[in-house]
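Novice: Sequence and predicted model, in that order:
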Amino acid sequence: MILAIAVAVECFTPGIVWLFTPSAKGEYGILAGYEQVDDVPEGEIRFLINDNVVFEDDGKKGTFMFQNPESCQYSIQFAVYEIIGDGETENLIYTSPMLAPGQFVAEDKLTKKLKKGTYDCVYYARAYLDGEYKGERHGKLTVNVLD
């Protein structure tokens, strides 16, 4: 697993990120039903994320719900990869717009079509300061395509 993450970091440079143009734009405010995350310590990456994303069908928007807290010093871009087979191979299915502090994306379309089903995925929250990559956090989430 460590090798897969290192390869993803090396291959996923800011120039490559923008090849996958997101359909949504970041909105300022707070995701409905959530409270603002206060006082993110300097140097930390914190965010809100939906770990169970649902799409009514592949062509419609799903419930990603990414939130970059206003008190975060970094802009954050999220990338979601489908975990294939042995759990080490990943397939990029979504890239968010760059979210400035205080921005969120409530829902968006996938950048790659998926058939009906449930997909185990990993997300990467990549932090940037003045356009320079500063680090990332990652975790698992599930993507469900209903029709």
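Specialist: Perfect, I can see it now. From a predicted model like this one, the values you see are computed outputs, not experimental measurements.
Novice: going forward, measure contacts between C-alpha atoms and count neighbours the same way
Specialist: Will do.
Novice: residues near Tyr124, how many?
Specialist: 21 (other CA atoms under 10 Å).
Novice: could you pull out the strands for the protein?
Specialist: 27-28, 52-55, 66-67, 75-84, 89-95, 103-105, 117-129, 132-145 (DSSP state E).
Novice: Output the ones you listed as a markdown table; include the columns distance to Ile45.
Specialist: As requested, the strands of the chain are exported to a markdown table (distance: least, CA to CA, whole Å):
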| stretch | distance to Ile45 |
| --- | --- |
| strand 27-28 | 18 |
| strand 52-55 | 21 |
| strand 66-67 | 11 |
| strand 75-84 | 8 |
| strand 89-95 | 18 |
| strand 103-105 | 14 |
| strand 117-129 | 7 |
| strand 132-145 | 7 |
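Novice: which of those strands is buried the deepest?
Specialist: strand 66-67 (a mean of 26; mean count of other CA atoms under 10 Å).
Novice: Need the residues that contact it.
Specialist: The contact list for strand 66-67, computed with CA atoms under 8 Å, 6 or more residues apart in numbering, reads 30-31, 47-50, 78, 99, 102-106.
Novice: of all those residues, which comes closest to His138?
Specialist: Sorting the contacts of strand 66-67 by how near they are to His138, with CA to CA, puts Phe78 at the top with 9.3 Å.
Novice: who does the most centrally placed residue in the chain bridge with?
Specialist: A centroid search over the chain (CA atoms, centre = their mean) returns Phe78, at 2.6 Å, as the residue closest to the centre. For Phe78, the beta-bridge partners are Ala125 (DSSP bridges).
Novice: which residues touch it?
Specialist: Phe66, Thr95, Ser96, Pro97, Met98, Tyr123, Tyr124, Ala125, Arg126 are the contacts of Phe78 under CA under 8 Å, 6+ apart.
Novice: Which among the strands of the chain is found nearest to Thr111?
Specialist: strand 89-95 (4.9 Å).
Novice: Pull out the CA atoms of that closest one and give them to me as PDB.
Specialist: In PDB, the C-alpha atoms belonging to strand 89-95 read as follows (Å, rounded to 0.1, in the frame of the first residue of the first chain):
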ATOM      1  CA  THR A  89      -4.300  -0.700  -8.000                       C
ATOM      2  CA  GLU A  90      -6.200   2.500  -8.200                       C
ATOM      3  CA  ASN A  91      -8.300   4.100 -11.000                       C
ATOM      4  CA  LEU A  92      -9.000   7.800 -10.900                       C
ATOM      5  CA  ILE A  93     -12.800   8.400 -11.000                       C
ATOM      6  CA  TYR A  94     -13.100  12.000  -9.600                       C
ATOM      7  CA  THR A  95     -11.100  15.200  -9.100                       C
END
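Novice: Noted, bye for now.
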